[in-house]
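**Student:** make a model of this:
(one chain, ligands or ions: 2)
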Amino acid sequence: MTAPASRPPVALSIAGTDPSGGAGIHADLKAFCARGVYGTTAITALVAQNTHGVSEVYGIDEAFVEAQLASVLDDLPVDATKTGMLSTRSLVDLVCRAVDERDLGYFVVDPVMVATSGHRLLDDDAVDSVRRQLMPRADLITPNLPEAALLLGESEPEAASIEQMRDQAGRLIEHGARGVLLKGGHGVDDEVIDVLALADGTTAEFTHTRIRTPNTHGTGCTLSATITAEMAAARHAQASTASGADTTASGADATVSGADATASETTTASETITAAVERSLDYLARALASADHWQLSLNPEGAHGPVDHLVDLTVTR
Ligand SMILES: Nc1ncnc2c1ncn2[C@@H]1O[C@H](COP(=O)(O)OP(=O)(O)OP(=O)(O)O)[C@@H](O)[C@H]1O
Ligand SMILES: Cc1ncc(COP(=O)(O)O)c(N)n1
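**Tutor:** Residues are numbered from 1 along each chain as shown. Ligands and ions are numbered 1, 2, ... in the order given. Now for the predicted structure:
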């Protein structure tokens, strides 16, 4: 007897590359795998970068990004999509059209603007399109402290306290996204607090001990990719429950992926987002802790290494 057809949850990342493997598309695919989700990509820019920073960016033209999106979306059922580095205003507009015209599933926007090393990853004239066009289409946006301030306006100062973070998250929601996760990684306190605000009025705060490590390259990419994977798994489970399909045969093993195969049809989008954020922050904390003493760079002075994306995989050698 042949086994019934099944499929794993599918996630799409629209982002730039990191040949050193810690951030961008490379981090996204590792995070998708780590959470048991099948990863697909559309590359917006080829970036020469490593643990010391960005040296060159080679832009991909709009028509070719569109062709990549069509290759994925004409063929595969995408349960959730994230954007990372979008580079130019025309690529922001292209992604907005894709959200309107295609089914991208849950839509997570990581408003990547500047690399930790200081290199700009989004043109100045694209910021307003992110603010007015992309944000209102998002189920969740995940700005860090400087990105949140920039999205609120040129003269907005960076939040320097939890009260200011709450206030900014609340004001960002007014731009139309269903949820805002304002990340506190750039603070200096012993605890890292991330603030989640949802359009239905729900708020949540997540506190983790700050890990004193230089290895934080790609934490934002990894977090938004993990949230996207969790949301893809949730949508897949909801659809499978609704259709009576066997989700346990999908390869998205709940103990590996964190996917909630019993998610009921009644789970609201807000509950899905909140659960995805909580699980993803816990995973990221494990990935950061596992790599806190890694020294990958041949030139360790001043290097910011990656997190351990595969922390939950046990390999015996
Ligand atoms: N040193 C740390 N210790 C514990 N958690 C951290 C640390 N640095 C970052 N994080 C976690 O990683 C998340 C993302 O970090 P951050 O706020 O630096 O985003 P980002 O600036 O977008 O990341 P990136 O470095 O990829 O640009 C934070 O929300 C926080 O939960
Ligand atoms: C392609 C790409 N996307 C995003 C980032 C941000 O990550 P970080 O701030 O850790 O450098 C990056 N460096 N490269």
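
**Student:** who does the residue lying closest to Met85 once chain neighbours are set aside bridge with?
**Tutor:** Spatial nearest neighbour of Met85, chain neighbours left out: Gly16 (3.6 Å); criterion: C-beta to C-beta, 6 or more residues apart in numbering. To be clear about C-beta, it is placed using only N, CA and C from the backbone, and glycine gets the same treatment. On the basis of DSSP bridges, Gly16 is bridged to Ala45.

**Student:** touching, Gly16 and Gly24? I think so.
**Tutor:** Yes. Using C-beta atoms under 8 Å, Gly16 is in contact with Gly24, at 4.9 Å.

**Student:** gap between the closest residue to Arg210 other than its chain neighbours and ligand 2?
**Tutor:** Excluding the flanking residues, the one nearest Arg210 by C-beta to C-beta, 6+ apart is Val192, at 5.0 Å. For Val192, the distance to ligand 2 equals 15 Å [C-beta to the nearest ligand atom, to the nearest Å].

**Student:** now swap in Met165 and tell me
**Tutor:** 19 Å.

**Student:** next one: Gln49
**Tutor:** From Gln49 to ligand 2 the distance is 6 Å (C-beta to the nearest ligand atom).

**Student:** swap in Arg166?
**Tutor:** Taken as C-beta to the nearest ligand atom, the span from Arg166 to ligand 2 is 24 Å.

**Student:** wait, a helix at Arg286?
**Tutor:** Yes. Counting by DSSP: H, G, I helix; E, B strand; the rest coil, Arg286 is part of a helix.

**Student:** look up the closest residue to it, ignoring the ones flanking it.
**Tutor:** For Arg286, ignoring the flanking residues on the chain, the nearest one in space by C-beta to C-beta, 6+ apart is Val311 at 4.8 Å.

**Student:** can you report how many residues lie near that neighbour?
**Tutor:** When counting by other C-beta atoms under 10 Å, one arrives at 17 neighbours for Val311.

**Student:** and it, helix, strand or coil?
**Tutor:** Applying three-state DSSP: Val311 is coil.

**Student:** what do you get for Ala149?
**Tutor:** Under three-state DSSP, Ala149 comes out as helix.

**Student:** in this structure it contacts Ala169, no?
**Tutor:** No. Using C-beta under 8 Å as the test, Ala149 is too far from Ala169 to be in contact (11.9 Å).

**Student:** confidence score at Ala115?
**Tutor:** Looking at Ala115, its pLDDT stands at 85.

**Student:** residues contacting the nearest residue to it once chain neighbours are set aside?
**Tutor:** Distances taken as C-beta to C-beta, 6+ apart place Val54 nearest to Ala115, at 5.2 Å, with adjacent residues excluded. If you count contacts by C-beta atoms under 8 Å, 6 or more residues apart in numbering, Val54 has them with Val47, Ala48, Ala115, Ser117, His119, Leu121.

**Student:** quick one: which of the residues you listed is nearest ligand 2?
**Tutor:** Ala115 (3.7 Å; C-beta to the nearest ligand atom).

**Student:** neighbours of that closest one, how many?
**Tutor:** 22.

**Student:** that one and ligand 1, how far apart?
**Tutor:** Separation of Ala115 from ligand 1 (C-beta to the nearest ligand atom): 7 Å.

**Student:** ok so, going back, now which of the contacts of Val54 would you call buried?
**Tutor:** Among the contacts of Val54, those that count as buried by neighbour count (16 or more other C-beta atoms under 10 Å) are Val47, Ala115, Leu121.

**Student:** format those residues as TSV; extra columns: secondary structure.
**Tutor:** Formatted as TSV, those follow (three-state DSSP):
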residue	secondary structure
Val47	strand
Ala115	coil
Leu121	coil
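
**Student:** quick one: which of those residues is nearest to Lys183?
**Tutor:** Nearest to Lys183 among the buried ones among the contacts of Val54: Ala115, at 15.3 Å, using C-beta to C-beta.

**Student:** could you count how many residues lie near the residue nearest to Met85?
**Tutor:** Gly16 has 28 neighbouring residues, counting by other C-beta under 10 Å.

**Student:** show the pLDDT at it.
**Tutor:** 98.

**Student:** ok, now which ones touch it?
**Tutor:** Taking C-beta under 8 Å, 6+ apart, one finds 24-25, 43-47, 57, 84-85, 87, 112, 121 in contact with Gly16.

**Student:** check Asp74 too.
**Tutor:** Not one residue lies near Asp74 by C-beta under 8 Å, 6+ apart.

**Student:** over to Ile60?
**Tutor:** Ile43, Thr44, Ala45, Leu46.

**Student:** next, the buried residues of whichever strand or helix holds Ile273.
**Tutor:** Applying DSSP states H and E as the criterion places Ile273 in helix 269-290. By 16+ other C-beta under 10 Å, the buried positions in helix 269-290 come out as 269-270, 272-281, 283-285, 287-290.

**Student:** same question for stretch 110-124.
**Tutor:** The neighbour-count check on stretch 110-124 (16+ other C-beta under 10 Å) flags Asp110, Pro111, Val112, Met113, Ala115, Thr116, Leu121, Leu122, Asp123 as buried.
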